[in-house]
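1. predicted coordinates and the sequence they were generated for:
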Amino acid sequence: MNKYNPFNPNSVVSTNLFAGRKDYVLRILKKMEQVKKGMPASFFLFGERGIGKTALAKLIMHIAENPDQLLGNLKFLTSYYSVDRGQNINDVLQASLNELTDKMPPSVLQYLGNRLGSLLKNGKFTIGAFSLEMKSQNERNIVVRDQLIAILSNLIDAIKKETEDKKHDGVLIILDEMQNIKDMSMCAQLLRGIITTLDVKSLGNIAFLLIGYEKVHKALCAVDPSARRQFASVSLGVMPTDEAEDVLIKGFKEAKVLWNQDALDSNILATGGYPHS
């Protein structure tokens, strides 16, 4: 009988098996506590393929959704979206917002429907659909930005007005595989415009977590120097030995197999900081 193998380098680590990365988690959660108070904070998480970026984002998403007194007692509306090659940021954000609708209380959806008109139909958002073919590219970009700001402004306003048991602290939007975005310049300008405007309107309970390679982070900062201030850079490196050992031990326990501690100590360097593979 084959035993269950929790170590699969081709899949995302499940939250219950996640170990290590304590410093990264605490750094991001500290910023998320600020977002809870209305001070926007966003991140760009970068590192080489297979280093654990998506696994870390999945853990942050889980913590942000489930209040825990030891971890900031966060309760955010969250969405995760993996960008396909050649997608533009408008379509990506529309898909992300529509994922949020599945988690919204009916009262919030009703509030948004009353405030947003044709931007919200049958419980889903439609962005950039109003005679944009008659406008220049720059005019289209402004229209889309204003529509996204209207949606997020009203959404944050709505969740802050909910009763205590239904109230959320804010919105967390996770965008993975950012190297696939079609126009990084448009992306940088649009996200900066959204974050800044919401902050000025005292609706700064918004956080974006972008995930990609280091070259993508550099490209974002190159097209918009203010991105360095807007998005805290989180460079994910290989795991230190003690954290790699924690991962292996947690996996061994999950698989219900025995291990020799001396052998583990002497062979831990063979993981190279990639214990799941």
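-> Nice, I can see it.

2. going forward, measure contacts between C-alpha atoms and count neighbours the same way
-> Fine.

3. quick one: end-to-end distance for stretch 190-209.
-> 15 Å (Cα to Cα, to the nearest Å).

4. which stretches in this protein count as strands?
-> Applying DSSP state E to the chain gives strands spanning 42-46, 76-82, 120-121, 124-125, 170-176, 206-212, 231-235.

5. turn these into TSV, columns for distance to residue 53.
-> Shown next, in TSV, are those (distance: least, Cα to Cα, whole Å):
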stretch	distance to residue 53
strand 42-46	7
strand 76-82	12
strand 120-121	33
strand 124-125	29
strand 170-176	9
strand 206-212	7
strand 231-235	9
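
6. remind me, longest helix of this structure?
-> helix 137-160 (DSSP state H).

7. and it, what does it pack against?
-> Judged by 3 or more Cα pairs under 8 Å, 6 or more residues apart in numbering; DSSP states H and E, helix 137-160 is in contact with helix 106-116, strand 170-176, helix 184-200.

8. low-confidence stretches in the stretch 101-250 of the chain?
-> Counting by pLDDT under 70, the stretch 101-250 of the chain has low-confidence residues at 129-135.

9. returning to what we had before: return the set of buried residues in the longest helix of the chain.
-> By neighbour count on 16 or more other Cα atoms under 10 Å, the buried set for helix 137-160 is 140-141, 143-160.

10. between the helices and strands packed on helix 137-160, which one is nearest to residue 55?
-> With Cα to Cα, the closest approach to residue 55 among those belongs to strand 170-176: 11.0 Å.

11. how far away from the center of its chain is that closest one?
-> 4 Å (Cα atoms, centre = their mean, to the nearest Å).

12. residue numbering should commence at 13 henceforth.
-> Sounds good: first residue 13 from here, last item strand 182-188.

13. so what strands line up beside that strand?
-> Looking at strand 182-188 with DSSP bridges, its partner strands are strand 88-94 (parallel), strand 218-224 (parallel).

14. would you format the ones you listed as CSV with distance to residue 272 included?
-> As requested, the strands paired with strand 182-188 are exported to CSV (distance: least, Cα to Cα, whole Å):
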stretch, distance to residue 272
strand 88-94, 39
strand 218-224, 37
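
15. most tightly packed of these?
-> Highest mean neighbour count of those: strand 218-224, a mean of 23 (counted as mean count of other Cα atoms under 10 Å).

16. tell me what angle it forms with helix 149-172.
-> On the basis of axes from the mean of the first three to the mean of the last three Cα atoms, to 10 degrees, strand 218-224 is oriented at 120 degrees to helix 149-172.

17. ok, what's across the strand from the residue nearest the centre of the chain?
-> For the chain, residue 186 is the residue whose C-alpha lies nearest the centre (Cα atoms, centre = their mean; 2.2 Å). Residue 186 has these beta-bridge partners by DSSP bridges: residue 92, residue 221.

18. so it touches residue 218, yeah?
-> No: shown here, residue 186 and residue 218 do not form a contact pair, counting by Cα atoms under 8 Å, at 11.2 Å.

19. could you double-check that residue 92 sits in contact with residue 108?
-> Yes: Residue 92 is in contact with residue 108 according to Cα under 8 Å; the separation is 6.7 Å.

20. how about the nearest residue to residue 246, chain neighbours excluded?
-> Distances taken as Cα to Cα, 6 or more residues apart in numbering put residue 57 closest to residue 246, at 4.7 Å, once the chain neighbours are dropped.

21. what does residue 192 give?
-> residue 97 (4.3 Å).

22. for that neighbour, list the residues it contacts.
-> By Cα atoms under 8 Å, 6 or more residues apart in numbering, residue 97 lies in contact with 191-194.

23. do residue 189 as well
-> Residues near residue 189 by Cα under 8 Å, 6+ apart: 94-96, 223-224.

24. the helices in the stretch 13-162 of the chain, which residues?
-> Assigned by DSSP state H, counting those that start in this stretch, the stretch 13-162 of the chain shows helices spanning 34-48, 65-77, 101-113, 118-128, 149-172.
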